[in-house]
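Q: below are the sequence and a predicted model; questions follow.
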Amino acid sequence: MSKPHRFKHIGLSAGLFLVVSLIWTAPSSADTPNDLFDLSVEELINFQVTSVSGKAERLGDTTSAVFVITQDDIQRHGVRSIPDALRLAPGLSVLQIDANKWAVGSRGRTGRFANKLLVLMDGRLLYTPGFSGVFWDVQQTLIEEVDRIEIIRGPGAVVWGTNAVNGVINIITKSSASDPGGSVIGGLDPEGAEFLAVRQAGQLGESSTYRAFLNYQSADGNELIGGFPGADGWDLLRGSFRADRSHDDAEMSFTVEAYTGSMGETVTNFIPQPPYANVLPYEGNVSGAFAIGSWSMTHEDSARTSGQVYLDYTSRDSAMFSEDRTTISFDLQHHRSFGRHEIVAGGWLRFNRYDIGGSTRLSFLDEIDSDRVISAFVQDEITLVDDSLSVELGLKLENNELSQDDVEFMPTARLLWKPVENHSAWVAVTRSVRTPSIADLSAVVTDIGPALPPGDPLNPFPVPLRQGTIGNLAYESESNVSLELGLRGQLGDSLSYDVALFNMEYKDIRSFVLAGAFCSPSGVPVFVDPTCVIGSDSVISTALFTNDNDSRLHGGEMSLDWMPAESWRVRASASFVREDLEVAAGAFEPPSSYPEWQYSLRSEWSPTENISVAAFVRYVDEIEYFGIDDYWQANANVRWALRESWVVSLGVRNLLDDVTQEYQSELGDLVPTQIERSAFLNLSYTY
Amino acid sequence: MSVRHHISIGLLLLLGAQPSVADSVTEAEVKLALVYNMTRFVSWPDTAGSEQFELCLAGENAYEIAAENLRGRKIGDRDIRVSLLAEETDGAAACDLVYVSHDEADRARVLLERFEGLPVLMVSDAPAFVEEGGMVGLSIVDGRVGMTINVTAYESVGLTISSQLLELAQVIDDDQRAGG
């Protein structure tokens, strides 16, 4: 990266920081009693308290880098998918690979198989323990049903568990009591995407409510980078039923949901003979179903106990791999205050059963077909000085069958200080762990890229040299100790700021060490019998997964939230992450595969009560690994509520550049696609 | 059907700007701000002649927040007088609104009995307050403060609450419950 480019980043961030400092030093109007008492009832009942620590908490008092995306944000920006909604959050990198695949990451180390970001929907784990990462294509719901998405950048291991190393995304859907009545919602995009949903909600006996929906979505494939049409079109049909019951001090909720569909992809298939690669369309089937029951009760002394049980089945097949998985999970949590202590304790027990399959390029050393996780945590928030100083101590212990350790030990200590009214500072030290996936332990990939033909300077053999990787049954958990520092507060009536800085020290992260070269198809190691090359069709050089790399990631995120008028809100953010990787002797060093700098600017304006105009501009830095240049991109949306029952939403995505490549599958198994400019129209009718 | 849910999210979405989430306030402050603001939608019978609005609180923390933030404010054209309902205080203190904080939940029943039949708006964030005859209950639902309003309880003492407030609350009607 050239120097002027770097200066541009520093300049922009410095500018943002200068704005913060200038307003910081400006005289504050804090001697008015308390602005909160000037809010309307509607504003007060919309005042967001969140669940970062597993209990209700005001965002101003959290000791993590938290951001919340609300249903209001989703509506104003005309967002139709969860990854699209996540783009609105500062500091996350949300990169689309093809029409149905995404790479979502936080604080670096992103990817389609990003293994250190934990994602949940209503307490149900969306993270895939087999391959690590999240298959975003099926992690949808009817977007109108999302109440809010809480995003924690940085570790959330104590409450949320292993793999919550560099972030947690917690998607919370609405109670069925929220929007009684029926609606029909539909939308289309001339590029070839459409959806249609029907939804009905109402009363179910004395003190219960229900809601049900059916949602069909489909999209055509994107164009490939070379200009040919891609095979990444998809469709998904989803049906869901939810019931909620509120009785005395107890609340209960039950949801059943099922989906089925197909996810296409354009696959690069590497072959050992010229031309070494060919391109194939593939249509994979996906389906799944889950049932989740949760219950919570408030005791007389305001203590709360909640529990949850779910059964989740998921099935997918793709050109590279297939998976059938059944998960059953039991979860219990208790929250209680004793004088200056506020304690949350809980635990869960989770069983997974797998049937994992490979392809010509992927196989598994050992058939792992189940795992079990037992987890327990306790967290105590102690008020040291009323309204000014508090400390939070937490510990999670987890036993995971896939880990080499008996117990994963994940402690945290967090301090919150409010030196003056409306401003707070926090500091946190956390150890978190990423447990091995089945792919880490046992996947064998024969071709991670095209073979080197005979005669290539890097190929000493008279036959094609292929490159593969091999999993390691002794693969250990990766650990991380992070130090975070945050400042947030309110400047005057209309401006608030949020700054977080972090330093994350990773130990024992994945490295690739050359394990040897083997003749194919005989499998004889070349160093044992070099003559095996004669008569072989190729030689495969194989890299073994080891835990030999250490790494330090450091950076920060900064955001400003400004309301110049009651009907206009503007938010700006900048984030930066840089990795210093310490590569073990003999291991390969991969270039970074995530954008280091990102900026965003969001504007939401309501010229009248019925109209909202929203715009979102973002900057994404270059991604060295895939040769993707940096770019600016913008979306805009106008939403108009006609009379009482009709809502029209008209928007444009990717306004600034007609085609962008955002990312690429890190397995090299997919032909990169273009993310195109598109317009869309959504209509909703409520009766 | 006894419980009707009137929360109109569509309406809320159109109201525009939300309060900034970065404000560092406590849950108790949000609840008391809500108590103060809901009085705009409540009318008391026979307010003529009384110059003070008597806001009585059970719970020291709640009292301190109210005393600090409501000084100099008015409800309608009446100045607010904030007082702490101490446990030992006997007899009917003159109150227009009584707020029972959840840390004083064990006194809720006694206070409901003491003000029974009087035109006093009884509000609390103690569990099951509304079921026990309270008029407005506050609770945290889906990460926000929610209101439950018992129509029978306030109508029977001659208070009226505007439909604008009822639309934002979960409404319980004892008559309907009795009827089926």
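A: The structure has been received and is ready for your questions. Here the structure is a predicted model, which is why all the values come from computation and not from measurement.

Q: per-residue confidence for A:Ala56?
A: According to the per-residue confidence, A:Ala56 scores 50 in pLDDT.

Q: what's the separation between the residue in the stretch 451-600 of chain A positioned nearest to chain B and A:Gln490?
A: For the stretch 451-600 of chain A, the residue positioned closest to chain B under CB to the nearest CB is A:Ser496, at a distance of 3.5 Å. All C-beta spots, glycine's among them, are computed from the backbone N, C-alpha and C. Separation of A:Ser496 from A:Gln490 (CB to CB, to the nearest Å): 5 Å.

Q: rounded mean pLDDT for stretch A:271-279, please.
A: According to the model, stretch A:271-279 has a mean pLDDT of 87.

Q: how about the one residue sitting closest to the centre of chain B, nearest residue that isn't a chain neighbour?
A: Among the residues of chain B, B:Val123 comes closest to the average C-alpha position under CA atoms, centre = their mean, at 3.3 Å. Counting by CB to CB, 6 or more residues apart in numbering or on different chains, the nearest residue to B:Val123 once its immediate chain neighbours are dropped is B:Val136, at 4.3 Å.

Q: about what we covered before: was I right about the residue nearest to the centre of chain B contacting B:His102?
A: No. Counting by CB atoms under 8 Å, no contact exists between B:Val123 and B:His102, whose distance comes to 11.6 Å.

Q: could you give the number of residues near the closest residue to chain B within the stretch 551-687 of chain A?
A: Sorted by distance to chain B under CB to the nearest CB, the residues of the stretch 551-687 of chain A start with A:Ser606, at 4.3 Å. Summarising burial for A:Ser606: neighbours were counted as other CB atoms under 10 Å in any protein chain shown, giving 22.

Q: chain center to the host helix or strand of it: distance?
A: Remark: A:Ser606 resides in strand A:597-608, with elements defined by DSSP states H and E. Offset of strand A:597-608 from its chain centre (CA atoms, centre = their mean, to the nearest Å): 22 Å.

Q: kindly report the same for stretch A:420-434.
A: On CA atoms, centre = their mean, the centre of stretch A:420-434 falls 21 Å from that of its chain.

Q: still on that earlier bit, what's the mean pLDDT across the helix or strand harbouring the residue of the stretch 451-600 of chain A closest to chain B?
A: When elements are defined using DSSP H and E, A:Ser496 is found to belong to strand A:495-520. Mean pLDDT, strand A:495-520: 91.

Q: repeat for stretch B:134-149
A: Confidence over stretch B:134-149, taken as the mean pLDDT, stands at 84.

Q: with only the CA atoms kept, save that stretch in CSV.
A: Taking C-alpha atoms only, stretch B:134-149 is exported to CSV below (Å, rounded to 0.1, in the frame of the first residue of the first chain):
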residue,chain,number,x,y,z
GLY,B,134,-52.5,-1.6,40.7
MET,B,135,-53.2,0.7,37.7
VAL,B,136,-50.0,0.9,35.8
GLY,B,137,-47.2,-1.7,35.9
LEU,B,138,-43.8,-1.2,34.4
SER,B,139,-41.6,-4.1,33.2
ILE,B,140,-38.7,-4.8,30.9
VAL,B,141,-39.9,-6.6,27.8
ASP,B,142,-37.7,-7.3,24.8
GLY,B,143,-35.1,-4.9,26.3
ARG,B,144,-37.5,-2.0,26.7
VAL,B,145,-39.7,-0.6,29.4
GLY,B,146,-43.2,-1.8,28.8
MET,B,147,-46.4,-0.6,30.4
THR,B,148,-49.4,-2.7,31.5
ILE,B,149,-52.5,-0.7,32.4
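
Q: what segments of chain A are helices?
A: A:3-25, A:41-45, A:71-76, A:82-86, A:157-160, A:438-442 (DSSP state H).

Q: just give me the lowest mean pLDDT stretch among those helices.
A: Comparing the helices of chain A by mean pLDDT, the weakest confidence falls on helix A:3-25, with a mean of 49.
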